[in-house]
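>>> Okay, here's the prediction I keep looking at, along with the sequence it came from:
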Amino acid sequence: MTNLTESAMFDVDEKAGNNAQRIMWMILCGVGIIMILGAIAGFLSAHSAEGGGPLNLAGYAVLGVFISVTLILAFTIWKLFQLVKQSGERVPRREKLNRNIIVACGGLGGIMGLAIAASGISNISEQGADPFVALLAGPLPLIIVVPLIFVWGVIMPVVAWFWHTRVIDEQEANAYRDGGYYAGYAFLMLTPLWWLLWRGGLLPEPDGVAIYLSFSLVWTAVWFWKKYR
Amino acid sequence: MKNQLKVLRAMRNWSQADLGDHLDVSRQAVNAIETGKYDPSLPLAFRISRLFDMPIEEIFDDEFNGERDV
């Protein structure tokens, strides 16, 4: 009887362990959807900048592939979410709060990204700006900029402080710190390397957005790996 | 660091989430300690020691063989 109970108990742990991989795939699928939506927006904006009008057959085919992949990724997220729910993992209180904060921040980031993208797309259709430049460096109206500055400059530091001091445990803090080290070293090593390659005429000028995204990506990847491996 | 956490937990029929609740850490933290991928801080080691009512050195094994570095 004891063996049965113990095996059931370890089965619960094993299923819960798989949830980490499922959550990782859900996040990756979510990132994939955001990137494909960006590609769709860029594709439609470029089409509109070239004069607009109805799409030709090739255009519909490209759009069809984008939409199909988006739907497959959305279905995968839904399926994985069902598996996580069915696994019966009992999430400790602290971890539940942690996941809720991460999901809320992800949602907030998504809304901010959509607001910036929507404004960029309107720039393209109104002024015929280059889609890439308009999405990343075009002017933004104050009605969008002010709330974004408030969220990023006031709300996020408070959430980050609360998350670090009241929510995460020491193992996650350790994983996060390691992520910071890896990201810091990647920044210190790679940025001058890129600068030298640029000076030597081998690469384009160092790009602040690319460096910022790489830094964030390394930090997040190491944090996730150290926490869930 | 090798430890007896999994055995002690099994003796009480606790899942990793149950032990996480008792120690106020996540299930991932319990898993990382059990598998030796993360060594707990001294305060957490003391909490574990008090929870199982055992000395720290009976729960954790630092594989010290008695030879001292001079």
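Perfect, thanks for sending it. Because the structure is predicted, anything quoted here is derived from the model rather than measured.

>>> Quick check: mean pLDDT of the strand or helix carrying A:T220?
Using DSSP states H and E, A:T220 sits within helix A:208-228. For helix A:208-228, mean pLDDT is 91.

>>> Also stretch A:107-120?
81.

>>> got the contact list for it?
A:34, A:37-38, A:41, A:131, A:134-136, A:138, A:140-141, A:144, A:148, A:151-152 (C-beta atoms under 8 Å, 6 or more residues apart in numbering or on different chains). For the C-beta atoms, the positions are set from N, CA and C on the backbone; glycine is no exception.

>>> now swap in stretch A:67-77 and tell me
In contact with stretch A:67-77 (C-beta under 8 Å, 6+ apart) are residues A:25-26, A:29-30, A:32-33, A:36-37, A:40.

>>> do the same with stretch A:168-182
Here stretch A:168-182 makes contact (C-beta under 8 Å, 6+ apart) with A:94, A:98, A:164, A:218-227, B:24-26, B:28-29, B:32-33, B:38, B:40-41, B:44.

>>> Just the buried residues of that stretch, please?
Across stretch A:168-182, burial judged by 16 or more other C-beta atoms under 10 Å in any protein chain shown covers A:168-169, A:171-172, A:174-176, A:178-179, A:182.

>>> ok, now stretch A:191-207?
So, applying 16+ other C-beta under 10 Å, buried residues of stretch A:191-207: A:194, A:206.

>>> And stretch A:92-108, by the same measure?
A:92, A:94-95, A:97-98, A:101.

>>> centre of the chain versus it, how much separation?
Counting by C-alpha atoms, centre = their mean, to the nearest Å, stretch A:92-108 is centred 15 Å from the centre of its parent chain.

>>> sorry, back to before: could you work out the most separated pair of the contacts of stretch A:67-77?
The most widely separated members of the contacts of stretch A:67-77 are A:W25 and A:I40, with 22.1 Å between them, by C-beta to C-beta.

>>> quick revisit: which members of the contacts of stretch A:107-120 additionally contact chain B?
By C-beta under 8 Å from any C-beta of the partner chain, no member of these lies near chain B.

>>> Rank the residues you listed by pLDDT and give me only the lowest.
Scoring the contacts of stretch A:107-120 by pLDDT puts A:P131 last, at 66.

>>> what are the phi and psi values for B:D39?
Note on B:D39: its backbone torsions stand at phi -90, psi 130 [degrees, to the nearest 10].

>>> Farthest-apart pair in the buried residues of stretch A:168-182, please.
A:D169 and A:Y182, at 20.4 Å, using C-beta to C-beta across the buried residues of stretch A:168-182.

>>> Got the phi and psi for B:N3?
phi -160, psi 170.

>>> Need the three-state assignment for the residue nearest the centre of chain A.
Centroid-nearest residue in chain A: A:V31, 5.0 Å away (criterion: C-alpha atoms, centre = their mean). Here A:V31 is recorded as helix under DSSP: H, G, I helix; E, B strand; the rest coil.

>>> Outline the domain layout of chain A.
When chain A is parsed with automatic domain parsing, its domains come out as A:1-90, A:92-167, A:169-229.

>>> counting contacts, what elements does the helix holding A:T220 pack onto?
helix A:2-49, helix A:170-199 (3 or more C-beta pairs under 8 Å, 6 or more residues apart in numbering or on different chains; DSSP states H and E).

>>> got the angle between it and helix A:170-199?
150 degrees (axes from the mean of the first three to the mean of the last three C-alpha atoms, to 10 degrees).

>>> now the end-to-end length of stretch B:46-64.
19 Å (C-alpha to C-alpha, to the nearest Å).

>>> Check what contacts it and list those residues.
Here stretch B:46-64 has contacts from B:1-5, B:8, B:22-23, B:40, B:45, using C-beta under 8 Å, 6+ apart.

>>> And for stretch A:187-200?
With C-beta under 8 Å, 6+ apart as the criterion, stretch A:187-200 contacts A:203-206, A:211, A:214-215.

>>> quick check, nearest of the residues you listed to B:G66?
Distances from B:G66 to those, taken by C-beta to C-beta, are shortest for A:F215, at 46.2 Å.

>>> Was I right to think the closest one contacts A:A186?
Yes. A:F215 sits in contact with A:A186 when judged by C-beta atoms under 8 Å, with a separation of 6.9 Å.
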